[in-house]
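Engineer: What shape does this take:
(one chain, ligands or ions: 2)
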Amino acid sequence: TDLNAFISGLPKAELHLHIEGSLEPEQMFAFAKRNGVSIPFASVEEVRAAYAFSNLQDFLDIYYAGADVLRTEADFHDLAFAYFQRAAADSVRHAEIFFDPQTHTDRGIPFGVVADGLLAGMARAEAELGVTSKLILCFLRHLDEDAAFDTLKAAEPWLDRIVGVGLDSSEVGHPPSKFQRVFARARDMGLKLCAHAGEEGPPEYVREALDLLRIDRMDHGNRSMEDEALIARLAAERMTLTVCPLSNLKLCVVTDLKDHPVPEMLRRGLHVTLNSDDPAYFGGYVNDNYRALAEAVGLSREDVVRVARNSFEGAFLSDAEKAARL
Ligand code: ADE
Ligand code: ZN
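Structural biologist: Ligands and ions are numbered 1, 2, ... in the order given. Next comes the predicted model:
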């Protein structure tokens, strides 16, 4: 359709992308082979068939298992560069990518192997594809705050190349309050702050992310829509929400894309962006997310333009950098 073609060519920023979640099954086999790692699947088809999730934890179990094929700096470089090639094909001009260092350091892969590989892939993407990017270190919320402090310490030599910190993994039972001290430290160090909130967790977790973590940007935020005062506050504070429609569908955060909260979020003046989260696991990159949602809920061209503009406005870039990317 016309709108699909318009979406394809529209310059956009992607603000919610877990680089480990861009590991395509074909790459999983290639990395497993070159690293001599065995995986519990016989074929790419078998892997894809396993990607039927009924909630966030179902997905996380298979996502952390998949990450085990990533061993060398070259693996992290190749993973990142392959993502940027797909992003460039979707007219993504700028991406702010999450990584989960604890998933790797807890398997004995040094922090620097992960960070140097990703940073090399990012530098190559800027030089060869014209896609700029920033790196965001996520703390795994199912682990304790001391582990997050250890990770921040391990990251110290790289912090001039890391724009901020995030909070991901199993949400329910691991409220933002658990990480209040480490987020305060990160803020003192000059890092930007974001957190997954209201994906499966209640509106109270969204409030904690705002009041206790003092985040600059919110990942997902869906369940904010259950709380009128919270909606008004997010609008007043111009909080950017990094919403991920195909992720929400695959993780059963919504049962049908037709029921997705984005139209209501836009009506209420929230600063919505659309993103792919873990595209290799959820069946689509950023344009697939724009298109599937636009078709399901009937977004207009103006809605789509607004969302793309929000993606640059919500980026951790200076005003001059934002203008240059548009
Ligand atoms: N890690 C990767 N994707 C995630 C998501 N959608 N929610 C929480 N943690 C994640
Ligand atoms: Zn996410």
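Engineer: Do you know the pLDDT at the residue of the stretch 101-250 of the chain at minimum distance from ligand 1?
Structural biologist: Closest to ligand 1 within the stretch 101-250 of the chain is residue 168: 3.5 Å, counting by Cβ to the nearest ligand atom. Placement of C-beta: from N, CA and C, glycine included. Residue 168 carries a pLDDT value of 98.
Engineer: That one reaches residue 143, doesn't it?
Structural biologist: No. Counting by Cβ atoms under 8 Å, residue 168 sits too far from residue 143 to count as a contact (11.1 Å).
Engineer: These two: which has the busier surroundings?
Structural biologist: residue 168 (25 against 17; other Cβ atoms under 10 Å).
Engineer: Torsion angles phi and psi at that one?
Structural biologist: Backbone torsions for residue 168, taken as degrees, to the nearest 10, come to phi -140, psi -170.
Engineer: That one bridge partners, please.
Structural biologist: Counting by DSSP bridges, residue 168 is bridged to residue 140.
Engineer: Flag the shaky bits of this protein, pLDDT-wise.
Structural biologist: Across the chain, nothing is flagged by pLDDT under 70.
Engineer: Okay, strands next: where are they in it?
Structural biologist: Counting by DSSP state E, residue ranges of the strands within the chain are 12-18, 92-99, 132-140, 164-168, 192-197, 217-220, 240-243, 271-274.
Engineer: any idea how far ligand 1 is from residue 322?
Structural biologist: With the distance defined as Cβ to the nearest ligand atom, to the nearest Å, residue 322 ends up 26 Å from ligand 1.
Engineer: Now do the same contact list for that residue.
Structural biologist: 312-313, 315 (Cβ atoms under 8 Å, 6 or more residues apart in numbering).
Engineer: Residue 88: neighbour count?
Structural biologist: Residue 88 has 16 neighbouring residues, counting by other Cβ under 10 Å.
Engineer: Quick one: residues contacting it.
Structural biologist: Residue 88 touches 125, 129-131, counting by Cβ under 8 Å, 6+ apart.
Engineer: if you set the cut-off to 7 Å instead, what comes out?
Structural biologist: With contact set as Cβ atoms under 7 Å, 6 or more residues apart in numbering, residue 88 has these partners: 129, 131.
Engineer: what's the answer for the one 4 residues further on, then?
Structural biologist: Residues near residue 92 by Cβ under 7 Å, 6+ apart: 12-14, 131, 286.
Engineer: beta partners for it?
Structural biologist: residue 12.
Engineer: so how far is residue 319 from it?
Structural biologist: Noted for residue 92: a distance of 20 Å to residue 319, by Cβ to Cβ, to the nearest Å.
Engineer: Leaving out the residues flanking it, which one is nearest to residue 209?
Structural biologist: Excluding its sequence neighbours, the residue lying closest to residue 209 (Cβ to Cβ, 6 or more residues apart in numbering) is residue 197, at 4.1 Å.
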